[in-house]
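Peer 1: how does the following fold in three dimensions:
(2 chains)
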Amino acid sequence: MRTWLTGILKHKIVDSMRKSGREQPVEGDASLEQLDALFDATGHWREPPQPWPEQALESKQFLQVLEDCLARLPARTARMFLMREHLGVETKEICKELGVTSTHAWVLLYRARQALRECLQLNWFGAKSK
Amino acid sequence: MDCRRAAQLISRGLDESLPWPQRFALRLHLAICDACTNFSRNVRLLRDAIRRLV
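Peer 2: Down below sits the predicted model:
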């Protein structure tokens, strides 16, 4: 990857996260409210998720779009998400390293997944089917 | 279980194993809900894609 992600992943990710994790409150205390906008009052999807063709994984352009979507996430959310999904760090470890509660971690990871899914739907899967 | 709750559990299930009553309730919901089934597949594809980066 050619973006800031390279830096995030290649530098001492855990050290830098530990430091930043304890210096500021974790983003996303209000995030479940934001996410509620994805659902109507009865708890149904406002825009139901669509099936995504697996072949996207073979596309370099798709991975580039994914990278762009990642770059739009708040930096700390992106770091936590990459720790979990790219490096495969267990959630328990992430909480310990960052000094956050497991609830915070789930909320942030959930928010990251929803934001990336929306971004990919809009900029790749939705755009492709038009 | 509504979709809002199901989506949260789907995501959480990627980060830890869910207690069996939640896993069971989620499975029942997924059996009747295409949107959440798509969501579940999408976030797994997202995981696979993230692992391909770099």
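Peer 1: list the buried ones in whichever strand or helix holds A:Glu97?
Peer 2: Assigned by DSSP states H and E, A:Glu97 belongs to helix A:91-98. If you call a residue buried by 16 or more other C-beta atoms under 10 Å in any protein chain shown, then helix A:91-98 has these buried ones: A:Thr91, A:Ile94, A:Cys95, A:Glu97, A:Leu98. Heads up, the C-betas are built off the backbone N, CA and C, glycines and all.
Peer 1: return only those of these found close to chain B.
Peer 2: A:Thr91 (C-beta under 8 Å from any C-beta of the partner chain).
Peer 1: in JSON lines: the buried residues of helix A:91-98, plus pLDDT and distance to A:Leu57.
Peer 2: As requested, the buried residues of helix A:91-98 are arranged in JSON lines below (pLDDT from 0 to 100; distance: C-beta to C-beta, whole Å):
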{"residue": "A:Thr91", "pLDDT": "92", "distance to A:Leu57": "24"}
{"residue": "A:Ile94", "pLDDT": "90", "distance to A:Leu57": "25"}
{"residue": "A:Cys95", "pLDDT": "90", "distance to A:Leu57": "29"}
{"residue": "A:Glu97", "pLDDT": "84", "distance to A:Leu57": "29"}
{"residue": "A:Leu98", "pLDDT": "82", "distance to A:Leu57": "29"}
